[in-house]
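Peer 1: no sequence for this one, just the structure:
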């Protein structure tokens, strides 16, 4: 419904059009039952994707219909998937981790040079985009992964906070890390 509302606002289609649109799209792409019975699942999927590409051959880019208003992690994932579908992708993880290291160094360099905030934002964006690439290649939903990490941080930090509240003195960062490690061990 969320995506249908976005499409309605962008005057692409309305919610009422959705069932007919989905059925039509499915009928155009799916081979007949008789043809499917003689094909492997991979062959059916390849045919589906080929028909999808044919339908969209008038587009300027495979990225044209990636919704602009998607949450950034989902949009990055979808953009990378689309680029990969036409062969624009790192050949293996070695290259991706080299890129991750490069982007990390660029963030550090921008920090040390006290680069403008806009530059730092761009470098952090590149770093996150590379992390999304790793997630995509491992078939991990980056939004879900980040949400789970936030939940884990929340649990552990609350453990640390209990010690902070119980102490009359300000605890050193090293002491706080000790409590953090204790929370990790308990999990």
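Peer 2: The structure has been received and is ready for your questions. Just so we're clear, the structure is a prediction, and the values are computed from it rather than from any experiment.

Peer 1: rest of the way, CA atoms for contacts and neighbours
Peer 2: Will do.

Peer 1: for stretch 106-122, buried residues please.
Peer 2: Judged by neighbour count using 16 or more other CA atoms under 10 Å, the buried positions of stretch 106-122 are 106-107, 110, 120.

Peer 1: ok, stretch 98-105 next?
Peer 2: Of the residues in stretch 98-105, those buried by neighbour count under the rule 16+ other CA under 10 Å are 99-100, 103-104.

Peer 1: residue 142: how many residues sit nearby?
Peer 2: The local packing of residue 142 (other CA atoms under 10 Å) involves 20 other residues.

Peer 1: and it, what does it touch?
Peer 2: 73-74, 77, 132, 135-136 (CA atoms under 8 Å, 6 or more residues apart in numbering).

Peer 1: I'd like to know which helix or strand in the protein has the lowest mean pLDDT.
Peer 2: For the chain, using mean pLDDT, DSSP states H and E, the weakest element among its helices and strands is helix 18-29, scoring a mean of 56.

Peer 1: can you give me the distance of residue 169 to residue 175?
Peer 2: 12 Å (CA to CA, to the nearest Å).

Peer 1: intersection of neighbour lists for those two?
Peer 2: Contact criterion CA under 8 Å, 6+ apart; residues shared by residue 169 and residue 175: none found.

Peer 1: the more surrounded of the two?
Peer 2: Comparing residue 169 with residue 175 by other CA under 10 Å, the one with more neighbours is residue 175, at 14 against 8.

Peer 1: can you tell me the element that one falls in?
Peer 2: helix 173-186 (DSSP states H and E).

Peer 1: need the residues that contact that helix.
Peer 2: Judged by CA under 8 Å, 6+ apart, the contacts made with helix 173-186 from elsewhere in the structure are 156-157, 159-160, 163.

Peer 1: hmm, residue 80 and residue 62 touching each other?
Peer 2: No - in this structure, residue 62 sits apart from residue 80 without contact. The criterion is CA atoms under 8 Å, and the distance is 10.5 Å.

Peer 1: of those two, who's got more company?
Peer 2: Taking other CA under 10 Å, residue 62 and residue 80 do not tie; residue 80 has more neighbours (20 against 16).

Peer 1: setting aside sequence neighbours, what's the nearest residue to that one?
Peer 2: Spatially, and ignoring its direct neighbours in sequence, residue 80 is nearest to residue 133 (6.9 Å; CA to CA, 6 or more residues apart in numbering).

Peer 1: who's sitting farthest from the centroid in this structure?
Peer 2: Centroid-distance maximum for the chain: residue 168 at 43.1 Å, with CA atoms, centre = their mean.

Peer 1: which SS class is that one?
Peer 2: coil (DSSP: H, G, I helix; E, B strand; the rest coil).

Peer 1: now it: how far from residue 127?
Peer 2: 40 Å.

Peer 1: burial measure for residue 76, as a count.
Peer 2: Every residue meeting other CA under 10 Å relative to residue 76 is counted, giving 21.
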